[in-house]
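Enquirer: model this:
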Amino acid sequence: MPSITSGGLYQAQGYYQKALENYEQALAIFQKKGQRPHEGGTLNNIGSVYLAQGRYREALAKFEAALVIHRQVGNV
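Expert: Here you go, the predicted structure:
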């Protein structure tokens with residue numbers, strides 16, 4: 001079962017592809033269940049992985065999507 005925690009551990013160790021796989025699976029679950037705050041947090045995490053990889057445009061897109069959700073749910 002994927003989890004944000006697993007994604008974070010993989011990311012911290014530099015296993016970016018494994019981190020992305022975990023985050024993407026977690027994101028799909030959160031979207032399916034309508035858990036918007038977790039969806040926003042996970043998009044932010046994906047953006048952080050892209051940033052660490054130097055994938056700046058992809059990171060920015062994820063950060064912007066996360067910000068929209070955080071604003072919608074009142075986290076900002």
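
Enquirer: Buried ones in the host helix or strand of Ser48, by neighbour count?
Expert: Using DSSP states H and E, the element containing Ser48 is helix 36-52. Going by neighbour count (16 or more other CB atoms under 10 Å), the buried part of helix 36-52 is 38-50. (C-beta placed from N, C-alpha, C; glycine too.)

Enquirer: Redo those residues as a markdown table? Include distance to Leu20 and pLDDT.
Expert: Formatted as a markdown table, the buried residues of helix 36-52 follow (distance: CB to CB, whole Å; pLDDT from 0 to 100):
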| residue | distance to Leu20 | pLDDT |
| --- | --- | --- |
| His38 | 17 | 95 |
| Glu39 | 16 | 96 |
| Gly40 | 17 | 97 |
| Gly41 | 15 | 96 |
| Thr42 | 11 | 96 |
| Leu43 | 12 | 98 |
| Asn44 | 13 | 97 |
| Asn45 | 9 | 97 |
| Ile46 | 7 | 98 |
| Gly47 | 11 | 98 |
| Ser48 | 10 | 98 |
| Val49 | 5 | 98 |
| Tyr50 | 8 | 98 |
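
Enquirer: low-scoring stretches of this structure, by residue?
Expert: 1-4 (pLDDT under 70).

Enquirer: Brilliant, that's me finished.
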